[in-house]
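S.K.: have a look at this fold, sequence not included:
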């Protein structure tokens, strides 16, 4: 016997669990695709900056940030963003709004270290821009995905 209400939707807990799992997996899948796009966009932007003369040398330690470093850090922090979005979807009544507010706040905070790094103006400016590249990919993509999964 199948438990159905008048709308034809199953009323058992397994149905609710499947729906929630599907929403979370869909959000994570969208997030991982956006992560790959953000990694590529950030690395290409860094390569372009290098091509026009930005050295990405940070005086604290005197090392130059490699292109692969931009990809790795973008990927790791994008995964943190996906985890935040999943958590908001699971536990917030307004996940998209909470996610955007939190992600924009964290992006603003991430702009402080380049300003304090002591790098030359070109490197500092490029680093500030490179913080915004993945944010412009990840935040709208995850927010849109959250909105479609809550309505």
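M.R.: Thanks, I have the structure now. All of these numbers come straight from a predicted model, not from anything done at the bench.
S.K.: show me where the protein has its helices.
M.R.: Per DSSP state H, the chain carries helices over the ranges 13-51, 67-91, 95-110, 112-116, 121-150.
S.K.: nearest to residue 59, out of the ones you listed?
M.R.: helix 121-150 (9.4 Å; C-beta to C-beta). (Each C-beta comes from the backbone N, C-alpha and C, glycine too.)
S.K.: the inter-axis angle of the closest one versus helix 67-91?
M.R.: Angle between the axes of helix 121-150 and helix 67-91 is 30 degrees (criterion: axes from the mean of the first three to the mean of the last three C-alpha atoms, to 10 degrees).
S.K.: who are the packing partners of helix 121-150?
M.R.: helix 13-51, helix 67-91, helix 95-110, helix 112-116 (3 or more C-beta pairs under 8 Å, 6 or more residues apart in numbering; DSSP states H and E).
S.K.: nearest to residue 142, of the ones you listed?
M.R.: Among the helices and strands packed on helix 121-150, helix 67-91 sits nearest to residue 142 (C-beta to C-beta), with 4.5 Å.
S.K.: run through the neighbouring helices and strands of that closest one.
M.R.: By 3+ C-beta pairs under 8 Å, 6+ apart, helix 67-91 packs against helix 13-51, helix 95-110, helix 121-150.
S.K.: make a markdown table from those helices and add mean pLDDT and distance to residue 84 to it.
M.R.: As requested, the helices and strands packed on helix 67-91 are arranged in a markdown table below (pLDDT from 0 to 100; distance: least, C-beta to C-beta, whole Å):
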| stretch | mean pLDDT | distance to residue 84 |
| --- | --- | --- |
| helix 13-51 | 90 | 10 |
| helix 95-110 | 98 | 6 |
| helix 121-150 | 97 | 8 |
